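1. based on what follows, work out the 3D shape:
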Amino acid sequence: MKRTWQVWIIFGACAAVALGAMGWVSLTALRLDRAEAEARRQAQLEENVRLALWRMDSAIAPLIAQESARPYFAYSPFYPAERAYTRMFAEIVRGEVIVPSPLLTPPAEPILLHFQFGPNGELTSPQAPTGNMRDRAELGYTTGEKIEAAATRLEKLHSLVQRAALLGVLPEAKREPPVPTRLPGAALQNARLFNEASQTERSSQEWQARSRSYQQAATQERTASNIAPQPPDVCEGVFKSVWAGDVLLLARRVSVGGQDYVQGCWLDWAAIRKSLLGEVLDLLPNAALEPVNAESGDRQMRMLAALPARLVPGALPPEPDRLLSPIRLSLLIAWGCVLAAAAAVSALLIGAVSLSERRAAFVSAVTHELRTPLTTFRMYTEMLAEGMVTDEEKRRRYLGTLRTEAERLSHLIENVLAYARLERGRPGGRVEAIALRDLLGRAEERLARRAEQAGMDLVVEADEATLAATVRADASAVEQILLNLVDNACKYAASASDRRIHIEVAQNGKDRSHESHGSHRSHFSSARRGRPGHVLLRVRDHGPGISVEDARRLFRPFSKSAREAANSAPGVGLGLALSRRLARAMGGDLRLDPAAGDGACFTLSLPI
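-> So this is what the prediction gives:
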């Protein structure tokens, strides 16, 4: 018992260490899985942000390119056609041909108003002509209501924007256009540099690439649209979007004859924001655009290149929880294997400990069983050998005792050897077709002699029709089973007042018992119910019977310890386990009938 507890303690400690290590590995793997999922989510977010920025800049680029393509003289309501590209801002001479500006009519969304600051700080708009130019404009080009609306906006703009402030943020006007710079494909396609750069560096690289792309597109559009060359004293700068309070402007610096003009348009920020966010709704459904009014160190982080605005991506929609991610599936399989291994080791350990205990109990019981007959042999043989028994009657009685003990030892050894053969998978007998009458005839004499030795009577109850049935069985195995059952009845029912041992035979559920035993028919029928095509041999005594507790371990091998063997009838607890295994090896079975009225009743079924 102490060794058993030691084995279980060692196994429990090892199992606790293994499960603890497995638990730690599982928690670490789950943390890594969550970290990897979060990293994938952040990577997806950054990828969506980059794509969204490119989409937004591409969406606003046509508007900026269109405004960049407008010549400087288009910001006047009317201009003389023959000197549009020469002395544009000189006074108009009578007789010159006046051409209306394409900006005379109200602009399309998202432009609210075109404007121009002259060198003297005067703010004008081609959509709000004054004097005789207004009269000309109303002659089929526009309406007074539209001109009034533009004038109202122009007045509001004049209160928000100062010429000097705009000149301070706009680049100088140069005749040489910016050198076209290769689009950022190389920078973005260089995977090694892109992966090694930090997030800030990648964002800066992308912003610069988008800015170069925007400037190049604007410059190329302006160059392509100006069919006539500009005069030497005219320089147009690049458009730049700036904030004037809450007003978004797109403006440029124009130098004409050494004098600086500021030309541009007032953009509808609400309409632009709505349109740009609609472009990226599939990428960033919760995104927002916020104005950036001041220069800052991180202005390139998620900034648009064409507009002074920052993209706020918001949160991506939550990903569905993957119950069986690769790591979780691997952990599930690993835990299943660990638990299966632990269960297998536990079962193996339980079986090994149980087998060890049963074998120890068997050795103790066999030792006890052998000690009594060997002591009897030694004492009686010494008395007979030394001539101490002179009475002939005593000599015969002593010899009968020696014979009984020899048969007892022979029966014990026969059971042990038969069980050992079954354990090795070699039953040793041969199943054959044999008449039930011959089968019982072979065993009846030996069974009757065993009953007679115990002072009991063997009663065989069977009709001729049942005895004529042929069964498939091993005759020696059936004889050994019946001998074990009769031997148990002789040992455990020795104190019963009714000294009979019954062997009742029936076929296919038809009770062939004698009328004198009619009170036991229902028990017999219940014991053989559900066994069609079998012959049933019922061995019954009138002893104290078998308790429910003993019935649970009745067919377990080596179930009797030395203490139990000393305090009960002789035996080692092997006969019934052996008998059941022999019966099942022949295709039959051996069961205890719990419905017997008195005594113990066992039913052996054999296939017909």
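2. next, I546: secondary structure please.
-> coil (DSSP: H, G, I helix; E, B strand; the rest coil).
3. what count of nearby residues applies to it?
-> 18 (other CB atoms under 10 Å). Every residue, glycine included, has its C-beta placed from N, CA and C.
4. identify the residues contacting it.
-> L554, L592, A600 (CB atoms under 8 Å, 6 or more residues apart in numbering).
5. so which of those wins on neighbours?
-> A600 leads these on contacts (other CB under 10 Å) with 24 neighbours.
6. just read off the phi/psi values of that one.
-> phi -110, psi 140 (degrees, to the nearest 10).
7. just to revisit the earlier point, now pLDDT too, for the contacts of I546, in JSON lines please.
-> Below are the contacts of I546 laid out as JSON lines (pLDDT from 0 to 100):
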{"residue": "L554", "pLDDT": "80"}
{"residue": "L592", "pLDDT": "89"}
{"residue": "A600", "pLDDT": "88"}
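8. and the next helix or strand past the strand or helix carrying C337?
-> Using DSSP states H and E, C337 falls within helix 326-385. Next helix or strand after helix 326-385 toward the C-terminus (DSSP H and E): helix 392-423.
9. isn't there a strand covering R253?
-> Yes: R253 forms part of a strand when assessed by three-state DSSP.
10. didn't it look like it was pressed against Q259?
-> No: assessed by CB atoms under 8 Å, R253 is found out of contact with Q259, at 11.1 Å.
11. please say which of the two ends up with more neighbours.
-> Counted by other CB under 10 Å, R253 and Q259 do not tie: R253 has more neighbours, with 24 against 12.
12. which residues touch the more buried one?
-> Applying CB under 8 Å, 6+ apart to R253 gives the contacts L167, L170, P171, E172, A173, G237, D260, Y261, V262.
13. for it, give the beta-bridge partners.
-> On the basis of DSSP bridges, R253 is bridged to V262.
14. mind listing the helices for the stretch 51-200 of the chain?
-> For the stretch 51-200 of the chain, the helices defined by DSSP state H, counting those that start in this stretch cover 132-137, 144-160, 163-169, 185-189, 191-196, 199-225.
15. from A309, how far off is the residue lying closest to L537 once chain neighbours are set aside?
-> Spatial nearest neighbour of L537, chain neighbours left out: L604 (4.4 Å); criterion: CB to CB, 6 or more residues apart in numbering. Relative to A309, L604 is positioned 96 Å away (CB to CB, to the nearest Å).
16. and the two? Which one has more around it.
-> A direct count of neighbours by other CB under 10 Å for L604 and A309 places L604 higher, at 26 against 23.
17. contact partners for that one?
-> Here L604 is in contact with 478, 481-482, 485, 536-539, 579, 583, 588-590 (CB under 8 Å, 6+ apart).
18. of those residues, closest to P129?
-> Nearest to P129 out of the contacts of L604 is D589 (CB to CB; 115.9 Å).
19. picking that back up, quick check, the residue nearest to L537 in a strand?
-> Yes: checked against three-state DSSP, L604 lies within a strand.
20. measure it to L485 for me?
-> 8 Å.
21. can you work out which residues contact both of the two?
-> Joint contacts of L604 and L485 (CB under 8 Å, 6+ apart) are V539, S579.
22. follow-up on the earlier one: any chance of the contacts of L604 in TSV with neighbour count as columns?
-> Shown next, in TSV, are the contacts of L604 (neighbours: other CB atoms under 10 Å):
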residue	neighbour count
V478	26
I481	29
L482	24
L485	27
L536	25
L537	27
R538	25
V539	24
S579	25
A583	22
G588	24
D589	16
L590	23
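23. let me see the domain layout of the protein.
-> Domain segmentation of the chain under automatic domain parsing yields 42-312, 347-607.
24. buried stuff in stretch 232-240?
-> For stretch 232-240, the neighbour count (16 or more other CB atoms under 10 Å) marks V234, C235, E236, G237, V238, F239, K240 as buried.
25. now that stretch: average pLDDT?
-> Here stretch 232-240 scores 84 as its mean pLDDT.
26. do stretch 280-298 as well
-> Across stretch 280-298, the average pLDDT comes to 79.
27. ok, residues contacting that stretch?
-> By CB under 8 Å, 6+ apart, stretch 280-298 touches 48-49, 51-52, 55-56, 200, 243, 246, 248, 269, 273, 276-277, 299, 303-304, 308-317.
28. which of those fall within helices?
-> Cross-referencing the contacts of stretch 280-298 against helices under DSSP state H gives N48, V49, L51, A52, R55, M56, T200, W269, R273, L276, L277.
29. can you put these in JSON lines and add pLDDT, neighbour count and distance to A420?
-> Shown next, in JSON lines, are the ones in helices among the contacts of stretch 280-298 (pLDDT from 0 to 100; neighbours: other CB atoms under 10 Å; distance: CB to CB, whole Å):
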{"residue": "N48", "pLDDT": "90", "neighbour count": "17", "distance to A420": "76"}
{"residue": "V49", "pLDDT": "90", "neighbour count": "21", "distance to A420": "79"}
{"residue": "L51", "pLDDT": "91", "neighbour count": "14", "distance to A420": "79"}
{"residue": "A52", "pLDDT": "91", "neighbour count": "23", "distance to A420": "82"}
{"residue": "R55", "pLDDT": "89", "neighbour count": "15", "distance to A420": "85"}
{"residue": "M56", "pLDDT": "91", "neighbour count": "26", "distance to A420": "88"}
{"residue": "T200", "pLDDT": "58", "neighbour count": "12", "distance to A420": "82"}
{"residue": "W269", "pLDDT": "93", "neighbour count": "18", "distance to A420": "98"}
{"residue": "R273", "pLDDT": "93", "neighbour count": "19", "distance to A420": "92"}
{"residue": "L276", "pLDDT": "93", "neighbour count": "22", "distance to A420": "90"}
{"residue": "L277", "pLDDT": "93", "neighbour count": "18", "distance to A420": "87"}
